[in-house]
Every structure is written in C-alpha cells, then in structure tokens.
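**Q** Task: produce atomic coordinates for the following.
(one chain, ligands or ions: 2)
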Amino acid sequence: MTTGTLITVAPTGAESAKAEVPALPVTLDELLLTAKECEALGAAVIHVHIRDDEARPTLDQGRLRETVAALRESTDLIVQLSSGGAVTDPEAARLAVLDAGPDMASCTMGTVNFGDDVFLNRWEFIVDLHTRMQERGVVPEYEIFELGHLTSLQRLLGKYGLPHGGHVHVDFVMGVPGGMPGTAATLVAAQQMLRDLPAGTTFSATGIGRSTIPVMLASLSTGGHLRVGMEDTVTYAKGRPVESNMQLVARAVGFAQLAQRPPLTTAEARGLLGLQER
Ligand code: KMH
Ligand code: ZN
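**A** Ligands and ions are numbered 1, 2, ... in the order given. Model (predicted):
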C-alpha cells in the first residue's frame, strides 16, 4: 500500500562553508526561520547539525539543548539531531548528542569513505548509540551509505532488539563519493534488501549533489520517503545555486504530489515513525 510521503529537511550539514554557500542556515535564528518555512511547505522532520559563532560545525551541548528547545517552541517538526556530526568529531561528543533530548537521532550503520575523509562508525560505537537510544526513548533513523550497512543493521536488531517505539526507519544516503551510487538501480537493490529487516520497515532516500533528482524520483516510485536540503545539495540545477532550503522542500512536495503521495503531516509522521504525540 502506498502512503503519503514523509519529508525530512536537512538544512545545514557539517560540510559546506558559510563563506562559500551564503544561503546556508548556520545561526539559530536562520535555522528557526528555515524550519518554520519548511514545515509550512510540508516537511515533517528536521535533521539538525549546528554551527558555532564562526559558523563551524559544533556538538556543543548547550547549543544543542537550546536548539532542540527553540525548534519545539517554534514548530511541530520532529527534531532529529545528527549523531554523525563532522568527520572530525570524537565518539564521546557524538554519543552526548542524545543528552540534548531530541525526538530522534541519526545512527550510521558503518564506516564509509567520505570524499577524501573517512566517516568512522565502529561496531561497538553503533551498539552504544543504539542501546543508549533505547534507554532514553530516542527514535533512531538508521543512516545507510553502503548496502552492507543494511546487513549490519540486521545484525544489530537481531542482537540488541528493536529501537524505541518498535518501528524501524532507515535513510539511504546515496551518491557520497566512497559510498553507494545515487542511481535508481542501487535504490531498488537497497529496497529489496529491506526484506531481511522487520516487516513494516520504512525508508527515506536522499541523493547527494547531482543524484538528488534521480534518487527522489526512484524513492517515490518504490514507496519510499524523501530527505532533501542543503546538507545534501547546494546546486538546484546546472549553474543555479540553491537559494534556500524552502526551494528544495517545495520541489520535493511538488514531486510527491505528482506521485499522488502528498506530504505527511507532522502528526501522521509521528504515527509512522512510532513517536509519541507531543
Ligand atoms: N556529516 C557527516 C560526516 C549524520 O548526520 O548522521 C555525517 C552525517 C551523518 O551527516
Ligand atoms: Zn547529517
């Protein structure tokens, strides 16, 4: 059965520099404005990376708490903090993200080459993140950069049990240089591997850079959901920089409506993901 479309906005990320991408929301005020506008357009989840006063990525605990509180006060969006941070962030700081009390947090299911860097996710670290989320009632979004990450997820759930809320949701992050390609064929292969995961497992997909549109169309046509935003794409079309996250969310909403799978409301998204009503 096809459902409406869960739309996640990932507005900032840790990789783009404000100096090179002036439209990137990096202050709390910029993030809140983006969040409100994207919610009004149809986003239900916000995947959050924050920046410091110099616009550098940070996992500062005070700022994370302030961000979660401000997003809750200004929007009804589901607040998903990144536990991935930047490739340079230490494991302890990434685990401590959960102390800020988000609704959800990302949990990447393995190490992957990440451009010229390595995004390190050791098995013991993944187990720690997963079990702490279970204890604290934080719902994970399992980030899948490689098909083998799905096999690790199957192992994780088999050994340590289902996440808080009982529903499994994964996000295919496709087209990272070093990870799986952002193609329809790869998305179909990834989606077929979900048969080995608990019944009812849902997925979103996002394609980095120029794989954004092929991945979006493939996800909609295979029953998947969408993540869009300037974390993943800073070019709207050839030679046209993204002007705002709203532009990307509006495009995703348009595609979802064409697919006759309109955006889920925040309440419907909470139901899908096994989150409590606020
Ligand atoms: N910034 C990447 C190194 C996540 O948010 O969990 C990791 C990332 C994944 O963005
Ligand atoms: Zn992220």
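
**Q** Dihedrals phi and psi, the residue lying farthest from the centre of the chain?
**A** Most distant residue from the mean C-alpha position of the chain: residue 239, 25.9 Å away (Cα atoms, centre = their mean). Taking degrees, to the nearest 10, you get phi 80, psi 0 for the backbone angles of residue 239.

**Q** And for residue 203?
**A** phi -140, psi 150.

**Q** separation between it and ligand 1?
**A** Distance from residue 203 to ligand 1, counting by Cβ to the nearest ligand atom, to the nearest Å: 15 Å. C-betas here are computed from N, CA, C, even on glycine.

**Q** Could you report the pLDDT at that residue?
**A** In this model, residue 203 is scored at 98, pLDDT.

**Q** Same check on the one 5 residues further on?
**A** The model reports residue 208 with a pLDDT of 98.

**Q** is it true that it touches residue 232?
**A** Yes - taking contacts as Cβ atoms under 8 Å, residue 208 lies within contact range of residue 232: 5.2 Å.

**Q** got any residues that touch both of these two?
**A** residue 173 (Cβ atoms under 8 Å, 6 or more residues apart in numbering).

**Q** quick one, which of those two is more surrounded?
**A** More crowded of residue 208 and residue 232, by other Cβ atoms under 10 Å: residue 232, with 25 against 20.

**Q** which parts of the stretch 1-150 of the chain sit against ligand 1?
**A** 13-15, 82-84, 86-87, 106, 108, 114, 119, 143 (Cβ under 6 Å from any ligand atom).

**Q** show me what contacts the residue of the stretch 1-150 of the chain found nearest ligand 1?
**A** Closest residue of the stretch 1-150 of the chain to ligand 1, Cβ to the nearest ligand atom: residue 84 (2.5 Å). Taking Cβ under 8 Å, 6+ apart, we find residue 84 in contact with 14, 94, 106, 108, 119, 143.

**Q** In three-state terms, label the last one for me.
**A** Assigned by DSSP: H, G, I helix; E, B strand; the rest coil, the conformation of residue 143 is strand.

**Q** which one is the most centrally placed residue in the chain nearest to, not counting chain neighbours?
**A** By Cα atoms, centre = their mean, the chain has its centre lying nearest to residue 47, at 5.0 Å. Nearest residue to residue 47, sequence neighbours excluded (Cβ to Cβ, 6 or more residues apart in numbering): residue 10, at 4.1 Å.

**Q** And the one you found, what's its pLDDT?
**A** Reading off the model, residue 10 has pLDDT 99.

**Q** That one touches residue 234, doesn't it?
**A** No - Residue 10 is beyond contact range of residue 234, at 11.8 Å (criterion: Cβ under 8 Å).

**Q** who's more crowded, those two?
**A** residue 10 (26 against 18).

**Q** Give the helix, strand or coil label for residue 54.
**A** The assignment at residue 54 comes out as coil when based on three-state DSSP.

**Q** distance between the ends of stretch 157-172?
**A** 18 Å (Cα to Cα, to the nearest Å).

**Q** ok but the residue nearest to the centre of the chain is inside a helix, no?
**A** No - using three-state DSSP, the assignment for residue 47 is strand, not a helix.

**Q** per-residue pLDDT, it?
**A** Note for residue 47: predicted pLDDT of 99.

**Q** now residue 90
**A** What the model reports as pLDDT for residue 90 is 98.
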